[in-house]
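Student: with the input below, show me the fold.
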Amino acid sequence: MSNKMNRRTFLKGGSGVVLGSVGFPYLVASSAPGKTGTVSPSNRIVMGCIGVGPQGTGNMRAFLRIPGVQVVAVCDVEKGSDLYHGGQVAGLNPARRVVKEYYAGESPTGDYGGCEAYGDFRQLLERDDIDAVAVCTPDHWHGLISVAAAEAGKDIYCEKPLVNTIAEGRAVCDAVEKQGRILQTGSHERSNDSVRFAAELVRNGYIGKLHTIRVNMPNSDPHHRKILTMTEAQPVMEVPKSLDYDMWLGPTPEMPYTKYRSHFWWRFILTYGGGEMTDRGAHIIDLAQLGNDADDSGPIELEGRGKSPASGIFDAFMQYDFECKYANGVRLIGSSRDPRGLKFEGSDGWIFIHIHGGRLKAQPESLLQQSIAPGELHLGRSPGHHQNFIDSVKARKQPVASAEIGHRTATICHLLNIAMLTEKKLVWDPVKEEITNDAEANSMLSRPMRSPWYL
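Tutor: Modelled structure (predicted):
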């Protein structure tokens, strides 16, 4: 991406794509009232939402409900369709209608200027009135958009996994730090009270010395079972008129359109996502990091074996067994078996966290009635993942799932996919962020990007 897509080049075609002039018929300043009109101008956050499929629209609705937040722009390459999983209708125009309907009771005095819709995220980022953005695109766009948003002076809520390659993750962290931005990774399980309590029990030694973390990430949902039956080649199809498919592909290689390449199903194609390893691994492995006090680090050795569908369009691993070793001696052992969640095993007991929701089981059961003493480690509680982001933006403090946390979790997910792809044991240096024992595997930390996009 030319000049790393800094703000000065957005509208000058510096990214390799000439945009022409961009008109904003109405700009809402950060001092404009929200829906209730009860929040002081100095505390108001004006937001744009980039990627408004079903998950992105869900995030947008969550932000709409927070007092003091005003959504003024949405962006998507899909104007609106029912091609999403389960026939859900989503995309640019449906999301814009959601915003307009939410603000339908707004006073007609000009307090709210409407919601603009964009097909190109760079146009949205050029708006000086927007304080923060929610990024909920396919994974292969997370890194580029998050870096561009940081350089445009926006705070960022970015869905999990934070990025689609390890190199992109470091670029995002560097951009966020350099620009003084706040980034919340959408690993929302970390905001559950029960999860934070479980991590406090582990880190305060209530299960004795932690020695093993067992991770279960099954591929047993209906959409997983459907993928496993789709072994035939997918036909080339005409691109829907509602979809800007070239922009959807973005930095990835040019490929013919077929409906199972995009709209939810992309996550099981390694070019665009990482399969269940990054889909729910970005939740479950994230909690392993939290309980092991490894948020700024990671394992030093990783290995795994996996099996992907025999043929067809999907190549993500659907069956796997893997193991990671940390410098403190803790082993993280994972599989595609049920039930979904993770188990912290110590010398004096264990705690299991169910994903999603954070329901706990423990042995002895009395662990779950334990109180954390005042002088012990307290991890605090989150008011909710989206609210925590907004609070952090206002206070200029790190949220519960910062850029570094999201990057380190995504790194483990990607390293395990690399280990399974190469069928090699990897030695990882979490300080230098390098695979030190295999040059081929180390070269897979990044991927080439299709022109004109690059970091």
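Student: pull the number of nearby residues for the nearest residue to Ser242 once chain neighbours are set aside.
Tutor: Nearest non-adjacent residue to Ser242, counting by C-beta to C-beta, 6 or more residues apart in numbering: Lys79, 4.3 Å away. Every residue, glycine included, has its C-beta placed from N, CA and C. Residues lying near Lys79 (other C-beta atoms under 10 Å) number 17.
Student: make 51 the first number, not 1, from now on.
Tutor: Done: numbering now begins at 51, and the last item shifts to Lys129.
Student: would you map the helices across this structure?
Tutor: Using DSSP state H, the helices found in the chain span residues 104-114, 142-152, 171-175, 189-201, 216-229, 243-253, 272-279, 295-299, 326-329, 331-341, 435-445, 453-472, 489-492.
Student: hang on, Glu218 packs against His190?
Tutor: No - using C-beta atoms under 8 Å, Glu218 is not in contact with His190; the gap is 9.2 Å.
Student: which non-adjacent residue is nearest Ser385?
Tutor: Asp371 (5.0 Å).
Student: bridged to that neighbour, which residues?
Tutor: Under DSSP bridges, the beta-bridge partners of Asp371 are Arg355, Ser385.
Student: contacts only, for it.
Tutor: Applying C-beta atoms under 8 Å, 6 or more residues apart in numbering, one finds that Asp371 lies in contact with 354-356, 384-386.
Student: most centrally placed residue in the chain?
Tutor: What sits nearest the mean C-alpha location of the chain, by C-alpha atoms, centre = their mean, is Lys210, with 1.6 Å.
Student: verify the stated contact: Val183 with Leu174.
Tutor: Yes - between Val183 and Leu174 there is a contact at 7.2 Å, judged by C-beta under 8 Å.
Student: one step back: quick check: of the contacts of Asp371, which lies closest to Ile403?
Tutor: When the contacts of Asp371 are ranked by distance to Ile403 (C-beta to C-beta), Gly384 comes first, at 14.0 Å.
Student: and for that closest one, the neighbour number?
Tutor: 24.
Student: then Ile195?
Tutor: Neighbours of Ile195 (other C-beta under 10 Å): 25.
Student: quick check, it in contact with Phe171.
Tutor: Yes - using C-beta under 8 Å, Ile195 is in contact with Phe171, at 5.5 Å.
Student: common neighbours of those two, please.
Tutor: Shared contacts of Ile195 and Phe171, counting by C-beta under 8 Å, 6+ apart, come down to Ile100.
Student: wait, what's in contact with the residue nearest to the centre of the chain?
Tutor: By C-beta under 8 Å, 6+ apart, the neighbours of Lys210 are 235-237, 328, 332-333, 336, 456, 459-460.
Student: can you list the domains in this structure?
Tutor: Using automatic domain parsing, the domain ranges for the chain come out as 52-186, 242-420+453-495.
Student: now do the longest one: distance from first to last residue.
Tutor: Okay, so that is domain 242-420+453-495. 31 Å (C-alpha to C-alpha, to the nearest Å).
Student: lowest-confidence helix or strand of this protein?
Tutor: helix 272-279 (a mean of 94; mean pLDDT, DSSP states H and E).
Student: run the chain-centre distance for that helix.
Tutor: Relative to its chain's centre, helix 272-279 lies at 23 Å (C-alpha atoms, centre = their mean, to the nearest Å).
Student: in that helix, what counts as buried?
Tutor: Ile277 (16 or more other C-beta atoms under 10 Å).
Student: who are the packing partners of it?
Tutor: Counting contacts by 3 or more C-beta pairs under 8 Å, 6 or more residues apart in numbering; DSSP states H and E, helix 272-279 packs against no other helix or strand.
Student: what does it rub up against?
Tutor: Outside helix 272-279, the residues touching it (C-beta under 8 Å, 6+ apart) are 135, 268-269, 314-315, 318, 326, 359, 364, 368.
Student: give the burial count for the closest residue to Thr461 other than its chain neighbours, as a bare number.
Tutor: Among residues not flanking Thr461 along the chain, Ile216 sits closest, at 5.1 Å (C-beta to C-beta, 6+ apart). Residues lying near Ile216 (other C-beta under 10 Å) number 25.
Student: same question for Asn214.
Tutor: The number of residues packed near Asn214 is 26, by other C-beta under 10 Å.
Student: contact partners for it?
Tutor: Asn214 makes contact with 189-190, 192-193, 322-324, 328, 464, 497, according to C-beta under 8 Å, 6+ apart.
Student: how close does it sit to Ala469?
Tutor: With distances taken as C-beta to C-beta, to the nearest Å, Asn214 is found 17 Å from Ala469.
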